[in-house]
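Trainee: sequence plus predicted model, see below.
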Number of protein chains: 2
Amino acid sequence: MSELEVFFNPRSIAIIGASNNPKKPPYYLVKNLVDLGFKGKIYPINPNEKKIYNIPAYSSILDVEGDVELAFILLPSQIIPQITKECAKKCVKGIIIGSGRFSETSIEGKQYIDEVLKIARKNKIHIMGPNSIGVTNPYANFTTAFIDIPKLKNGNIAFITQTGAIGGPLLHWLMPVSKTICLGNKADIAIHEILEYLELDDNTRYIGIHCEQIKEPSKFNVVAKRVNEKKPIIILKTGSSIFGSKVAKSHTASLTGRDEIYDSLFQQIGLIRVSTFEEFFDTLKLISRRGYLEKGNLGLVSISGAQCVLACDLCEKYNIEIAKISKNSSDKLKKLAINDLVLLDVGSWQGEMNVEDLYRFMTEIALSEPNVNYVIVFLIPTPKLFYFDVPRLFSNLQKKYSNKLLIICMFGEENICLKWKKALENVGIITFPSISRALKVISYFRS
Amino acid sequence: MSELEVFFNPRSIAIIGASNNPKKPPYYLVKNLVDLGFKGKIYPINPNEKKIYNIPAYSSILDVEGDVELAFILLPSQIIPQITKECAKKCVKGIIIGSGRFSETSIEGKQYIDEVLKIARKNKIHIMGPNSIGVTNPYANFTTAFIDIPKLKNGNIAFITQTGAIGGPLLHWLMPVSKTICLGNKADIAIHEILEYLELDDNTRYIGIHCEQIKEPSKFNVVAKRVNEKKPIIILKTGSSIFGSKVAKSHTASLTGRDEIYDSLFQQIGLIRVSTFEEFFDTLKLISRRGYLEKGNLGLVSISGAQCVLACDLCEKYNIEIAKISKNSSDKLKKLAINDLVLLDVGSWQGEMNVEDLYRFMTEIALSEPNVNYVIVFLIPTPKLFYFDVPRLFSNLQKKYSNKLLIICMFGEENICLKWKKALENVGIITFPSISRALKVISYFRS
């Protein structure tokens, strides 16, 4: 078993710096573990409290009777070397340091972390962080994210990130995950070590990496290439600008390298590199549902001809091939005076069909075309005009044509958009707020 | 007075093809005008109904006793020439044709519209459309959009669009407008004619144009250049791809030209050209609040260092200058062990300040810097962590520093994001769903 297993599924965890004040983040460390039903032992450490969230608290980790496998520390940096010593005495195997302000801000900070590392190495303790929110593993009801997380959902994507603010908690709203790992300043554990762990993790099928720096590129190179062949990796590497590099240094003490070097490195290994956080999450959302998509043979159904025109412009730009429609389908459409691809403005629709039937008819033609690989449907959610259950219509169509991928793009009244989005994504249908965002994601895939 | 005034503020309107069925779009034509409190006379025309939405209906426009200035027609294309003749008899001054399927789909359609134009020209009637949802003028409680529009808000942007599905109704959710004009297939009225109208419209200060084609480029050139100097114009010109051109032709019978020609045309005139609908609406949202922005001297406050790093990368790419912070502010930040630009992870914040005070302190430093022109604040809306009234905090700060522009970017729990967005935009603070989207908009402005 990997030595890192203790970070993902510890039999016992000490929360050093736990709090009873719900206005402070450390409160949620204990609360989440208790409420989520984590099965391991939880030891809150705080010399000023008898109990934390109704669990007996200890003055020091040394007062704990049983073994402690993992420690999470959220305390000022200057006392962490001392705490690390205590953890070593207690034979802790892993430490996650949540606190920031070590090497990212001062020379003293650098000294503290160096001391921590010295103690850790001597005692064979692995360190995650500093400046990390640690790990989430829904399959063990386990998280060290220090914000309120009422529920975890089992997914198939693992996220390795450099930053807690994005990497951890957000994911629980965005999509189910297999693991999240926030490496923070990566003083000890590096990305490729986590990749080696995830390579063997049965619940992880896809991997997203956000980083500002890759510390040992040659090791990363070998491991990432191997893992990517089994578990596709999407990477967001930031810090390419001169100023961004400076901020990255102060943020997570990363020395960011020249961007072109990374570009060619990722290309060699075969990783997909994206440019923004939207693209990062959008791309992972899509592949987590369907794996890699072949970007050819798109079918397009739209209430708006204008959106189709822009979509065609973007398809040409991104080299995405729009499917040729068969004569049979084309004839069916012509009977209704509908063009090959563009749905007539539902607003000005004069035919016999109502809005619901029209959408069903159009989407079904696209999905049933043998040449079509996936279908984008564009909707403008509008009060009253959509009197029928829109998410249900599309979830039924997705079920009926389960070998095709249905993507719904919505831009309209925001409360309706959000409601439909949640309903659709709950039954596994992917949504985007615009066709251009959907096509941008698809542009990253191969023809 | 412009001959086009009748489209924006008619003393009387006939709705030809009105309906009592709320599942059909024409129902909303009469309903909207009545419920919004339009002061002109409304004449629903439908031979099968006595009343439409409780207003007396007529079998034909010729049965109406009083004058009719404007007619809106939503009927199958083959009978519109006949209806146009009746409108001419009634001395109607303007006709909006909502129906599609004229020249965009068939030779017969082309014949019908040619006949309509012949009658119209002979009788000095202006035609808007076909395939148009017409006009919205909140200052006259007037709209011909055929979806439910419960409320209109007075704004300072006019939108000229080619398509109803985007141009009209959507705007009422997105932002207040001064006018919306959907030109559809532009069989008669052209963009430059509308620009001439808007040039003299006191309520319009900014103009957004979406089009797939510009029919008389030389006239457009002269008028757009002149108008743009007084009322800045943002343009979204689509249909650049070969396939997009084909779809554009079938959508609104537009012959789209080579894209580079348009690029150089717009550059000559000085228009800002954007690439997607998001950018179109985002850019107009921003300038409608503050006019053109000088893109230098950005201040950045972020809960996430990672977002700052990406922001710096994008600023370098887009040539956006980040403000240098004064020594005074820098010293204040250092006392709290905060870096120049990057807000410490609120999550791992160990100081005395609570989350609310920390945000106030950071944002206020940025806003009060003499070098800072505008400030982007990045938030990750998180349940429980934001126990205070976030929109109120920022609206108070915007009031206090009213000469600076505050932009809030939010990416987090979606219900909270939407709630805060609405509250913030209600008090005039601009929001974006990501820093990258905000910076993309800012990239279009001049240094």
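Mentor: Received it, and whenever you're ready, just let me know what you need.
Trainee: for the stretch 151-300 of chain A, what are the low-confidence residue spans?
Mentor: The model of the stretch 151-300 of chain A has pLDDT under 70 over residues A:164-172, A:242-257.
Trainee: I meant to write the stretch 1-150 of chain A there.
Mentor: The low-confidence ranges in the stretch 1-150 of chain A, as defined by pLDDT under 70, are A:101-106.
Trainee: and it, which residues reach chain B?
Mentor: A:22-23, A:25, A:28, A:74-76, A:98-101, A:104-106, A:131, A:133, A:146-148, A:150 (Cβ under 8 Å from any Cβ of the partner chain). In short, each C-beta sits where N, CA and C put it, glycine included.
Trainee: list only buried entries from the residues you listed.
Mentor: Among the residues of the stretch 1-150 of chain A next to chain B, those classed as buried by 16 or more other Cβ atoms under 10 Å in any protein chain shown are A:25, A:28, A:74-75, A:98-101, A:104-105, A:131, A:133, A:146-148.
Trainee: show me those that map onto helices.
Mentor: residue A:28 (DSSP state H).
Trainee: pick out the most distant pair among the buried ones among the residues of the stretch 1-150 of chain A next to chain B.
Mentor: Greatest spatial distance in those: A:105 and A:148, 27.8 Å, computed using Cβ to Cβ.
Trainee: the stretch 201-350 of chain A: strands as residue ranges?
Mentor: A:206-211, A:233-237, A:272-274, A:298-302 (DSSP state E, counting those that start in this stretch).
Trainee: right, I mislabeled it, should have said the stretch 1-150 of chain A
Mentor: With DSSP E, counting those that start in this stretch as the criterion, the stretch 1-150 of chain A has strands at A:12-16, A:41-45, A:51-52, A:55-56, A:70-73, A:94-97, A:126-128, A:134-137, A:142-143.
Trainee: out of the ones you listed, the one nearest residue A:413 is which?
Mentor: Per Cβ to Cβ, nearest to residue A:413 of those: strand A:134-137, 33.7 Å.
Trainee: run the chain-centre distance for stretch A:286-297.
Mentor: How far stretch A:286-297 lies from its chain's middle: 17 Å, per Cα atoms, centre = their mean, to the nearest Å.
Trainee: do it and chain B come into contact?
Mentor: No: contact of stretch A:286-297 with chain B (Cβ under 8 Å from any Cβ) is absent, the minimum separation being 13.7 Å.
Trainee: and the residue found closest to residue A:404 once you drop the neighbours it is linked to in the chain, how far is that from chain B?
Mentor: The shortest distance from residue A:404 to any non-neighbouring residue, by Cβ to Cβ, 6 or more residues apart in numbering or on different chains, is to residue A:367 (5.0 Å). Noted for residue A:367: a distance of 20 Å to chain B, by Cβ to the nearest Cβ, to the nearest Å.
Trainee: can you check the pLDDT for residue A:367?
Mentor: Here, the pLDDT recorded for residue A:367 equals 92.
Trainee: sec struct for it, please.
Mentor: helix (DSSP: H, G, I helix; E, B strand; the rest coil).
Trainee: any idea how far residue A:42 is from the residue nearest to residue A:73 when sequence neighbours are not counted?
Mentor: Excluding its sequence neighbours, the residue lying closest to residue A:73 (Cβ to Cβ, 6+ apart) is residue A:16, at 4.6 Å. According to Cβ to Cβ, to the nearest Å, residue A:16 and residue A:42 sit 12 Å apart.
Trainee: quick one: which of the two has more around it?
Mentor: residue A:16 (28 against 19; other Cβ atoms under 10 Å in any protein chain shown).
Trainee: I'd guessed the more buried one sits against residue A:62; true?
Mentor: No: in this structure, residue A:16 is not within contact of residue A:62 by Cβ atoms under 8 Å, at 11.2 Å.
Trainee: can you show me the helices along the stretch 301-447 of chain A?
Mentor: With helices called from DSSP state H, counting those that start in this stretch, the stretch 301-447 of chain A shows them at A:305-318, A:327-335, A:355-368, A:390-400, A:414-426, A:435-443.
Trainee: so of the ones you listed, which one's packed in deepest?
Mentor: helix A:305-318 (a mean of 25; mean count of other Cβ atoms under 10 Å in any protein chain shown).
Trainee: is chain B within reach of that one?
Mentor: Yes: with Cβ under 8 Å from any Cβ as the measure, helix A:305-318 is seen reaching chain B through A:305, A:306, A:307, A:308, A:309, A:310, A:311, A:312, A:313, A:315, A:316, A:317.
Trainee: redo these as JSON lines? Include pLDDT.
Mentor: Below are these laid out as JSON lines (pLDDT from 0 to 100):
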{"residue": "A:305", "pLDDT": "75"}
{"residue": "A:306", "pLDDT": "81"}
{"residue": "A:307", "pLDDT": "84"}
{"residue": "A:308", "pLDDT": "82"}
{"residue": "A:309", "pLDDT": "83"}
{"residue": "A:310", "pLDDT": "87"}
{"residue": "A:311", "pLDDT": "89"}
{"residue": "A:312", "pLDDT": "87"}
{"residue": "A:313", "pLDDT": "89"}
{"residue": "A:315", "pLDDT": "91"}
{"residue": "A:316", "pLDDT": "89"}
{"residue": "A:317", "pLDDT": "90"}
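Trainee: distance to residue B:3 added to those residues, as a markdown table?
Mentor: Output for these, formatted as a markdown table (distance: Cβ to Cβ, whole Å):
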| residue | distance to residue B:3 |
| --- | --- |
| A:305 | 29 |
| A:306 | 27 |
| A:307 | 33 |
| A:308 | 34 |
| A:309 | 30 |
| A:310 | 33 |
| A:311 | 37 |
| A:312 | 36 |
| A:313 | 35 |
| A:315 | 41 |
| A:316 | 40 |
| A:317 | 41 |
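Trainee: got JSON lines for the strands of the stretch 201-350 of chain A, with mean neighbour count and distance to chain B too?
Mentor: Below are the strands of the stretch 201-350 of chain A laid out as JSON lines (neighbours: other Cβ atoms under 10 Å in any protein chain shown; distance: least, Cβ to the nearest Cβ, whole Å):
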{"stretch": "strand A:206-211", "mean neighbour count": "25", "distance to chain B": "7"}
{"stretch": "strand A:233-237", "mean neighbour count": "24", "distance to chain B": "8"}
{"stretch": "strand A:272-274", "mean neighbour count": "21", "distance to chain B": "11"}
{"stretch": "strand A:298-302", "mean neighbour count": "25", "distance to chain B": "8"}
